[in-house]
Structure formats: C-alpha cells, structure tokens
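Engineer: How does the following fold in three dimensions:
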Amino acid sequence: MVEITAKLVKELREATSAGMMDCKKALVTAEGDMEKATAILREKGLGSSAKKADRIAAEGLVQVITSSDAKVTTMVEINSETDFVAKNENFINLTKEIASHVQSTDAVDADALMTTTIDGAKFEEYLSTKVATIGEKIVVRRFTTLNADENSVVNGYVHSTGSVGVVIKAKCENAEVASKSAEFVRQLCMHAAAMKPSFLSYTELDADFVEKETIGMKADIEKGNEELRRLKKHELKIPTYVSMSQLTDEVMAQAKTDIEAELKAQGKPEKIWDRIVPGQLERFVADNTQLDQKMTLLSQFYVMDDKKTIEQVLADKAVEFGGKIEVVEYVRYELGEGLEKKVEDFAAEVAGQLG
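Structural biologist: A predicted model of the protein is given here:
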C-alpha cells in the first residue's frame, strides 16, 4: 500500500482547495495517484459540504466595495475556518462576488440573502458549491449597505489584511459639497479602522454606562498615579467628568467662573480674559471627555491632525468645501469579533489524522 504522507495531502489540498480529510480519503482511494485523487474530489461535488456545518468559521475576510460615484457602499464579513483558506485567491474572489451581489439585492440579513438568486441559482446552493470547492465551511456572517442621495456621500475602507472594515455616510449641504467630500469620508473610514471607536457620538452612550465608566476611568488613572508617584514623575490629573453628556450648561458655567477666578488670582487684566477663556474652556472639555475620545468617532482626535477632533475637522472641511458636512451613519467590522477561534497547527493536525 502506498504511504499517504502529510506532504502529499498538503500538495493535493493546495492544488484543489478541498478539505484536508477529503484529500486524504481521495488519495487513499486513488492509492496515492494525484491525478486520480483530483478526479475523485471533483466527482464528489456537494457531498462534502454538508459535513462542514458544525465547524467554527472564525477566520476569513472583511470586504468593502463602493460605487464609482460614492453613492452606494457595501461591507460584508465572510468567515472561513482557517487563515490558510482566507488567503486563497479563490476565497478572496468569492468575497468580492458576494459583496457585489449583496449590493445588488435588498437583503437585510443573512437569512434573506440565502433566498436571493445569483448566477441562476439560489444563493444557498451557490454557497454550498463554493464550500465543496474550497473545502471549508464558509459563512456570510453579516453585511451592511449604505445608500446616499444627491446631497449625501458614502465611502468605505478595508485594511490590507482584510481584518477590519469601516463604512461611513455623510449628509452634506448640497450635491457639490457631497462630491468634494468623497475622499475625505474615505479618510475618516481609515481613521476609524485604526482608532476603533464603538459609537458615532457621545449622544449614543447610555447614562448608566457613562456613570460606571466614570468610576472605572478615575480608578485606572489613580492606579497609574501610584506608579508615577513611586517613580517621582508628574501625576495625571483625575478628571471630574469623562463624557460630554455630563457637561451640562451649569457645569460649563461653573467651569467658566472657575477659570475667570484663576485669571483674576494670577493678576491677568480682565480686558484680555475673552482671549484666554475660550481656549481654557476647550481644554476643560478635552480633559473631561476622555470616555468620548476613546469610544466615539466625533470626539476622537483625528489621526491626520491630532490637534483637532473629528468634529472640529468636519467644521474645517465644511468651510473648505463650501457647505455643511454631517456624519450620520458609521459601521465598523472587525473580523471574528465575538466568535470563538480555534488555534490549529496544520502540520500537526495532518500528522495526527494520518497517524
């Protein structure tokens, strides 16, 4: 009997993109003949896909496609079982095909997508065929499509590794501003991919969540200060607040009063206070919105100009482009977030299956 080595199985898998165990069984049946084993795999067709249903698919790719006029952007997360398959050209092309198909349909979720038609077949059958060919369970986990009207613009960005994707929609004052804003919106997507905001604005933060985070962030800073004291270094200021949602009119009025009292104590002439107070108030807001800066897009400092928040940059761009720009939708996908992942050693797995 011909010895079916791990190297032989790996070669057949790379040549056919079929599953590892399917390759091994085909080689056993074909007595090690690669050509016959390849033919056996082709003949099996859909027979192998049903057995993959209980596997965990936590690898894969995030794919983003945007129409040339920046009026439609679609983002999908498509999972595979292994990073090996996720890097396969067939799988990469599949994610592009599916993203394009999603963009052409009105499907709102994965279940609805399965009932659509692609290449003359039900999507569910189409996907099963791809599973049989690629050799691993494939899951269209989630997707979103943003559409823009004449006075709006959408764009997206996916990291070169396919691990993170972002889509953003901006409502503009008119069509001309929308057209000018397309590339800037893509740059905002790049920022969000890197800086990981969970929300668009502080207005989306739940009051109970803010209260708990206020306690937690103060405790974290105090703990860090203990080490700074030990090292005889300058300690960080512990903020009174952590979110703009806490900075009421009364709080801001008191902050202004405190700043003016400090200026008076310093002997600063009252006639120049109006030049100093606005900057000091900005600093007060920055010091007391650390939760917003961590978790919300509009409050983060822009990676391409870290002296300004995204909200301030939007105001600058509105002046540059000749009209108001407002970010109204933001979606970020990180590959496999919330899914259990298996750590596997391919060579060890092959050796174990053949042993």
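
Engineer: list the helices and strands the helix or strand containing residue 133 packs on?
Structural biologist: Using DSSP states H and E, residue 133 sits within helix 123-134. The contact analysis (3 or more Cβ pairs under 8 Å, 6 or more residues apart in numbering; DSSP states H and E) places helix 123-134 against helix 89-104, helix 110-114. To be clear about C-beta, it is placed using only N, CA and C from the backbone, and glycine gets the same treatment.

Engineer: Export the ones you listed as TSV, with columns for distance to residue 214.
Structural biologist: Shown next, in TSV, are those (distance: least, Cβ to Cβ, whole Å):
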stretch	distance to residue 214
helix 89-104	40
helix 110-114	38
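
Engineer: so which of those helices comes closest to residue 83?
Structural biologist: Residue 83 lies closest to helix 89-104 among the helices and strands packed on helix 123-134, at 10.5 Å (Cβ to Cβ).

Engineer: ok, and what's touching the closest one?
Structural biologist: Defining contact as Cβ atoms under 8 Å, 6 or more residues apart in numbering, one finds that helix 89-104 is touched by 17, 60-61, 63-65, 67, 72, 74-76, 78, 80, 85, 113, 116, 118, 123, 130, 133-134, 138, 140, 143, 145, 162.

Engineer: coming back round to it: most neighbours per residue, which of the helices and strands packed on helix 123-134?
Structural biologist: Among the helices and strands packed on helix 123-134, ranked by average contacts under mean count of other Cβ atoms under 10 Å, first place goes to helix 89-104 (a mean of 17).

Engineer: in the chain, which ranges drop under the pLDDT threshold?
Structural biologist: Scanning the chain with the threshold set as pLDDT under 70 gives 1, 16-17, 42-56, 340-355.

Engineer: what about 80?
Structural biologist: In the predicted model of the chain, residues 1-2, 11-22, 38-58, 338-355 satisfy pLDDT under 80.

Engineer: and residue 267, that's in a strand?
Structural biologist: No - using DSSP: H, G, I helix; E, B strand; the rest coil, the assignment for residue 267 is coil, not a strand.

Engineer: since we're on it, how many residues are nearby?
Structural biologist: By other Cβ atoms under 10 Å, 6 other residues sit near residue 267.

Engineer: mind checking which of the helices and strands packed on helix 123-134 is nearest residue 184?
Structural biologist: Of all the helices and strands packed on helix 123-134, helix 89-104 sits nearest to residue 184, with 22.3 Å by Cβ to Cβ.

Engineer: For the closest one, what is the distance to the chain centroid?
Structural biologist: Averaging C-alpha positions (Cα atoms, centre = their mean, to the nearest Å) puts helix 89-104 18 Å from its chain's average.

Engineer: Check which helices and strands the longest helix seen in the chain sits against.
Structural biologist: The longest helix of the chain (DSSP state H) is helix 207-230. Contacts defined by 3+ Cβ pairs under 8 Å, 6+ apart place helix 207-230 against helix 290-295.

Engineer: export the helix it packs on as CSV, just CAs?
Structural biologist: This file holds the C-alpha atoms of helix 290-295, laid out as CSV (Å, rounded to 0.1, in the frame of the first residue of the first chain):
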residue,chain,number,x,y,z
GLN,A,290,-11.9,61.0,27.9
LEU,A,291,-14.6,58.4,27.5
ASP,A,292,-15.9,60.1,24.4
GLN,A,293,-12.4,60.3,23.0
LYS,A,294,-11.9,56.6,23.5
MET,A,295,-15.3,55.3,22.3
